[in-house]
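Chemist: sequence below, structure please.
(3 chains)
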Amino acid sequence: MKYSIKDFEGMIKRLRELDTENMYMNDFFLTWEKTDDEIEAVWTVADALRDLRCRNISTKVFDSGLGISIFRDNSTRTRFSFASACNLLGLEVQDLDEKKSQIAHGETVRETANMISFMADVIGIRDDMYIGKGNAYMHAVTEAVQEGFDAGVLEQRPTLVNLQCDIDHPTQLMADTLHVIHEFGGIENIKGKKIAMTWAYSPSYGKPLSVPQGAIGLLTRLGADVVLAHPEGYDVMPEVEEVAKKNAAASGGSYTKTNSMAEAFKAADIVYPKSWAPFAAMEKRTDLYGRGDFDGIDALEKELLAQNAEHKDWTCSEELMATTKDGKALYLHCLPADITGVSCEAGEVDASVFDRYRDSLYKEASFKPYVIAAMILLEKFKDPAAVLKKLEQNGKDRIFTL
Amino acid sequence: MKYSIKDFEGMIKRLRELDTENMYMNDFFLTWEKTDDEIEAVWTVADALRDLRCRNISTKVFDSGLGISIFRDNSTRTRFSFASACNLLGLEVQDLDEKKSQIAHGETVRETANMISFMADVIGIRDDMYIGKGNAYMHAVTEAVQEGFDAGVLEQRPTLVNLQCDIDHPTQLMADTLHVIHEFGGIENIKGKKIAMTWAYSPSYGKPLSVPQGAIGLLTRLGADVVLAHPEGYDVMPEVEEVAKKNAAASGGSYTKTNSMAEAFKAADIVYPKSWAPFAAMEKRTDLYGRGDFDGIDALEKELLAQNAEHKDWTCSEELMATTKDGKALYLHCLPADITGVSCEAGEVDASVFDRYRDSLYKEASFKPYVIAAMILLEKFKDPAAVLKKLEQNGKDRIFTL
Amino acid sequence: MKYSIKDFEGMIKRLRELDTENMYMNDFFLTWEKTDDEIEAVWTVADALRDLRCRNISTKVFDSGLGISIFRDNSTRTRFSFASACNLLGLEVQDLDEKKSQIAHGETVRETANMISFMADVIGIRDDMYIGKGNAYMHAVTEAVQEGFDAGVLEQRPTLVNLQCDIDHPTQLMADTLHVIHEFGGIENIKGKKIAMTWAYSPSYGKPLSVPQGAIGLLTRLGADVVLAHPEGYDVMPEVEEVAKKNAAASGGSYTKTNSMAEAFKAADIVYPKSWAPFAAMEKRTDLYGRGDFDGIDALEKELLAQNAEHKDWTCSEELMATTKDGKALYLHCLPADITGVSCEAGEVDASVFDRYRDSLYKEASFKPYVIAAMILLEKFKDPAAVLKKLEQNGKDRIFTL
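Modeler: Here you go, the predicted structure:
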């Protein structure tokens, strides 16, 4: 997997070398279901779209069409990123607000999926709350619209962008990594770097596992030395750990684990300290929820908060940051972060650390709309290089010029 | 009224023969307020728009402009159908969420209607909950915007699409019937067919009458033998029955009634089994609601559910389906259906029947966005044939091609 | 400051004489922060955009891009006006619904502002509930996106339109005044006219001060004799009174106060009777709210309602209207009004007065979308005259023509 910060021509050239055929009319669920070529193509198209936009060149490839969003959990940045990506390509967003719909009425996923898709080109779904549910729901939706398309119900087959599930958060991690690529001046420069994905204390309960899992599932492909650090009991899904191990072996990097935040931070080039809930506890909660045992959920929540409170020392402090490579590791976060003394009494990160990296963190987030747009473009066009080239040639203004 | 499944040229030719002048700058409330020419024009334009979209030809006739939606009842498929239709023609949907507005503030319908319409080309309203209210509300809105237009307040006169009222559900029935036309290979083939619009049991209370009423009001125009079947006491509005009788007489078909589901199904070519509430009970509820008598409403609900429970045998079972023409009647439903053993213990239809017709039902629903778009186009353009022809000639891509 | 009702060429010519350079890439907070040239430019561009739209000429200056709206208070007309303005220019509205977002999660304004702005060209905010808060919040947002733009986080710097704050309601007053200009046949005809901005009784509590404040802050610039009338204790912000005095002195008009509605109405050319809460009480409420003292707020509300009830005679009656210039003063209101016998037992205005001015009031409101669009256009284009001229030359249909 090669990559460099290229000019537009360079991006087009690189894109032509990558095999993206399988992405066409296909969905994006998990990064590890995609080849290295496909992953690199997403980054390349994202950069190319951003380059065109910066040159005030329209990238509308749809004259009409809908991008459907389904958010089963609150969201600001992912919601706006999806809306931005759709708008950038010419799709209008139509949100399925399940409270305003008739779904409570006993309607099946299969039916709803078809009913909202008559003119949908893309569906974006966020469903990360219950283990074993979110990703499965997304598959149910894509199977339903494939059936609908095959049966002649739908005139086009809407493709899916996973906006966060119980397993992976691909648009987040793809954006995070594209930021890393830009900061390090090319993907080849990440080889051999130490990346610490570590648990951090937060006063809240039950944050999804999709970020740490997505991180070890993607970052291990870059030839880096990826360390996953967390207190005992805060394990992630074992299947994803298997993915991380295989990836590391294939990329010439490594994947290791530790129960010490200090060890993970030591000489790290990149750190990603973030709270999450233990996988086993999340499984238990899903189970309790399935049985409607809300007292059990309350008890579990209390137990988890107590367990959390034992690990307040897991925080990205100035002291820990000083132990990273030259004291200047690149600090990543998916935002919003729990900042000590700002959004909570004690949290994931010191206010002074967060402040120093604020611009960098916001830049990190700024890649998400382009990553989503790139996924959509690759799902919808067989020859993305030719599409981008022709957009440049057409040179239609995004904002009117004289 | 003639119709056949034509190619695009054939549709344009047919459209030129139909008198649609009166639809221009007019509203769509009830199908029986429209001439046969006008009804056929909606179907023809719907088919033509779909044909263009399938050929990836843009049908955007608005460069900017708003389509306002007001949903006074939950909705998934109608909401998405309206959004799809607007998007197909180039209008942006702006939903009037009455909870986020200042309407509770004591504002009149007349005022709100104008305030939301400054740049509105179309208004779509769903208001089906109370007898004597929904259709009246829609008329109040259109009168208000007509006044606003005449007084120079509004630069354009937004036209209305009835997305379901207490009397009719025209976008639903027009879509249902267009599906029937396609399944039977042309409107002329429906002549002499037996169509059973029948009540069916559902464990819920108070489903709107607009579907059965819309069905007998429209299907009787096709020269078919339309049978309305329901248990005693489940009558529909007498005025609509009068419409059905007149239509049947004019079209050479018939309109009959029975209290036996079996009789209705016998040798039927088309069946539409669906729950609804008795008209008299709905009137009573509206009355109680008007007086704020919520205890009365609770009591009425219990009474109706008890009455319902006496008719659990009114279900679209395999046994009944076997008695239809060749055992293969076309099964219609507006969805979502109450499916026995799936969405409820005992409902409107057997799971195996529903499953066998699933693709057909979804196709039936797929006509709705096109029917709505056709209504809008006919309301906004004096010469729809010329507009469609020119769109084809322009041949602008809907999705970018190389 | 000169103005006349011109044809399109006249508007372009006038616009070329006005200095709008400072508006470019700038925000619109308060009318008194803008020069006379800038204020007149907004009206001129608003009229020009309306002229183009009436001639069915597209005014889309954005091919893609987002207009972000944040409504921290319910809204119908401002919401639809902002959506209309964005649509008119080619921006898609994306509403930040703070209930669906993760803001409760402890996120800072600075962060949210950037996270929603990656592809935002404009942000419209309504935040009028607490003294000292709304305008400050808007400044925090614009500072945050300026920082984001400077740091390379944002590719464009979204500009702000104040959709109502605790100090001013500029889109409302600019629209009100543009209506006055049209009714009087040009801005020069307002010189020497008597304008009465007066308090009026409403059975509700705590209406924002932004309308009376915006009125005295803007109308005093036109060389008119502006009178502010209210019962004792219903003062507005003293800082805005200072603005009114300075404006009046500079424009050759006057600014006076009275505690008599009759005196204000006497021989007035224009009357704007409207309820508001006393500034001191609003400050107290903000304070109580800040301390979480909800009992204190309840007590304050009761006190204010009692105080209100003593002034039921402050109503725009037929008798009072008869005392205005020729009994025919132009009656203004931002709507919705509290109409005696319609929306409340006793309110701001007699039903017969309101009815007589209904068309005029709706026209007054109809300027708001154009005023907002003009603000956006002036914020985004250095040479607005050239942009408008080129739009006319391009002559692209808004609605398809043959």
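
Chemist: mind listing what the residue in the stretch 151-300 of chain A that chain C sits nearest to touches?
Modeler: With C-beta to the nearest C-beta as the measure, A:S204 is the residue of the stretch 151-300 of chain A nearest to chain C, at 8.2 Å. In this view, the C-beta of every residue, glycine as well, is placed from N, C-alpha and C. Residues near A:S204 by C-beta atoms under 8 Å, 6 or more residues apart in numbering or on different chains: A:S275, A:D338.

Chemist: helix, strand or coil for it?
Modeler: Look at A:S204: counting by DSSP: H, G, I helix; E, B strand; the rest coil, its state is coil.

Chemist: just the pLDDT at it, thanks.
Modeler: Per-residue pLDDT puts A:S204 at 87.

Chemist: now do the one 10 residues further on
Modeler: pLDDT for A:G214: 98.

Chemist: mind checking the SS state of it?
Modeler: Following three-state DSSP, A:G214 is assigned to helix.

Chemist: please tell me how far the residue of the stretch 151-300 of chain A closest to chain C sits from A:Y272.
Modeler: Distance, A:S204 to A:Y272, using C-beta to C-beta, to the nearest Å: 18 Å.

Chemist: tell me where chain A has strands.
Modeler: Here chain A has its strands, by DSSP state E, at A:66-71, A:92-95, A:120-126, A:159-162, A:194-199, A:225-229, A:254-258, A:270-274, A:330-331.

Chemist: closest to C:E348 out of those?
Modeler: Smallest distance to C:E348 across the strands of chain A (C-beta to C-beta): 37.6 Å, for strand A:92-95.

Chemist: so what does the closest one touch, helix or strand wise?
Modeler: Applying 3 or more C-beta pairs under 8 Å, 6 or more residues apart in numbering or on different chains; DSSP states H and E, one finds that strand A:92-95 contacts strand A:66-71, helix A:77-89, helix B:77-89, strand B:92-95, strand C:92-95.

Chemist: for the residue most central in space within chain A, give me its contacts.
Modeler: The centroid of chain A falls nearest to A:Q172 when counting by C-alpha atoms, centre = their mean (2.4 Å). For A:Q172, the contact set (C-beta under 8 Å, 6+ apart) comprises A:T78, A:Q164, A:S210, A:V211, A:G214, A:C334, A:K368.

Chemist: what's the closest of the residues you listed to B:T340?
Modeler: Proximity of the contacts of A:Q172 to B:T340 (C-beta to C-beta) peaks at A:Q164, which lies at 36.2 Å.

Chemist: residues in contact with the closest one?
Modeler: By C-beta under 8 Å, 6+ apart, A:Q164 lies in contact with A:D73, A:T78, A:R126, A:D127, A:D128, A:G134, A:T171, A:Q172, A:P208, A:S210.

Chemist: 10 Å instead?
Modeler: Applying C-beta atoms under 10 Å, 6 or more residues apart in numbering or on different chains to A:Q164 gives the contacts A:71-73, A:75, A:78, A:124-129, A:134, A:170-172, A:208, A:210-211, A:214, A:334.

Chemist: buried subset of those as a PyMOL selection?
Modeler: A single PyMOL command is used to select the members of the contacts of A:Q164 judged buried by 16 or more other C-beta atoms under 10 Å in any protein chain shown:
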select buried, chain A and resi 71+72+75+78+124+125+126+127+128+129+134+170+171+172+208+210+211+214+334
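
Chemist: scan chain A for its longest helix.
Modeler: The longest helix of chain A (DSSP state H) is helix A:36-54.

Chemist: now that one, how far from the chain's geometric center?
Modeler: Relative to the centre of its chain, helix A:36-54 is centred 15 Å away, using C-alpha atoms, centre = their mean, to the nearest Å.

Chemist: list the buried residues for it?
Modeler: Buried residues in helix A:36-54, counted by 16+ other C-beta under 10 Å: A:36-53.

Chemist: now the angle between helix A:77-89 and it, please.
Modeler: Angle of helix A:36-54 versus helix A:77-89, following axes from the mean of the first three to the mean of the last three C-alpha atoms, to 10 degrees, is 70 degrees.
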